[in-house]
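Participant: Just need the structure, nothing else, for what follows:
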Amino acid sequence: MDTIDNARQQMNKTLTALRTDLAKIRSGRAHVGLLESVKVNCYGADMPLSQTSTVSVVDTRTLLVAPWDAQNTAAIEKALRESDLGLNAAATSGGVRVSLPPLSEERRHELTKVVGKEAETARIAVRNTRREAMTEIKSKVKNKDIGEDEGRRLEQQVDKVAEEIIQAVEDTCSKKQQELLKI
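Facilitator: Presented below is the predicted three-dimensional model:
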């Protein structure tokens, strides 16, 4: 029914948001998603890096940021150095080369804790969505829009969907934590 479809859709959005957030956490390999949060001061305004240049992966530890306007190279380099990502940026003739330093063991463990916090946030969001769906079902039963048996069946379906999404959250986070701890 609508309640279950809405709950499933909302829970899937939570899972998608978690995966997007985890992709931004550096695991030692270079990928273009690392630089999504960087803002560059160009033309008198702070702009996302993706609106000023093209980012490509050179090798496992290096990214190349190719600005569309060569005048922005210094601003891009400065933005990358000042970002909280701990990256080494150097201007070259082709743009800005970004080297990723190897992760220390301590930093890897800190990042696994961050992944755990992201997982807990996602689980809470899924449980809140489940609770809202259950409340809606109980309201329909109380208003006699659906029968009690139908209400129980719908509640079981919502529980099943929530369990599936929470399991997917657990799997995703476990995989990311293993990736972070692998040297």
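Participant: any idea what sits nearest the residue most central in space within the chain, other than its immediate chain neighbours?
Facilitator: When Cα atoms, centre = their mean is applied to the chain, the residue found nearest the centroid is residue 21 (1.4 Å). Nearest-residue entry for residue 21: residue 118, 5.4 Å, with adjacent residues in sequence omitted and distances by Cβ to Cβ, 6 or more residues apart in numbering. All C-beta spots, glycine's among them, are computed from the backbone N, C-alpha and C.
Participant: Tell me which residues touch the residue nearest to residue 32 when sequence neighbours are not counted, please.
Facilitator: Excluding its sequence neighbours, the residue lying closest to residue 32 (Cβ to Cβ, 6+ apart) is residue 55, at 4.5 Å. Contacts of residue 55 were listed using Cβ atoms under 8 Å, 6 or more residues apart in numbering, and they are 32, 35, 49, 63-66.
Participant: Narrow those residues to those that are buried.
Facilitator: 35, 49, 63-65 (16 or more other Cβ atoms under 10 Å).
Participant: From the contact counts, what lies against the host helix or strand of residue 179?
Facilitator: Element membership for residue 179 (DSSP states H and E) is helix 148-181. Other elements packing on helix 148-181 under the criterion 3 or more Cβ pairs under 8 Å, 6 or more residues apart in numbering; DSSP states H and E are helix 2-23, helix 105-142.
Participant: still on that earlier bit, the contacts of residue 55 into a markdown table, with extra columns for distance to residue 90 and pLDDT?
Facilitator: Below are the contacts of residue 55 laid out as a markdown table (distance: Cβ to Cβ, whole Å; pLDDT from 0 to 100):
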| residue | distance to residue 90 | pLDDT |
| --- | --- | --- |
| 32 | 18 | 72 |
| 35 | 15 | 75 |
| 49 | 16 | 79 |
| 63 | 11 | 82 |
| 64 | 11 | 84 |
| 65 | 11 | 85 |
| 66 | 14 | 86 |
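Participant: what's the neighbour count on residue 43?
Facilitator: When neighbours are defined as other Cβ atoms under 10 Å, residue 43 has 11 of them.
Participant: what about it, distance to residue 75?
Facilitator: Using Cβ to Cβ, to the nearest Å, residue 43 is found at 9 Å from residue 75.
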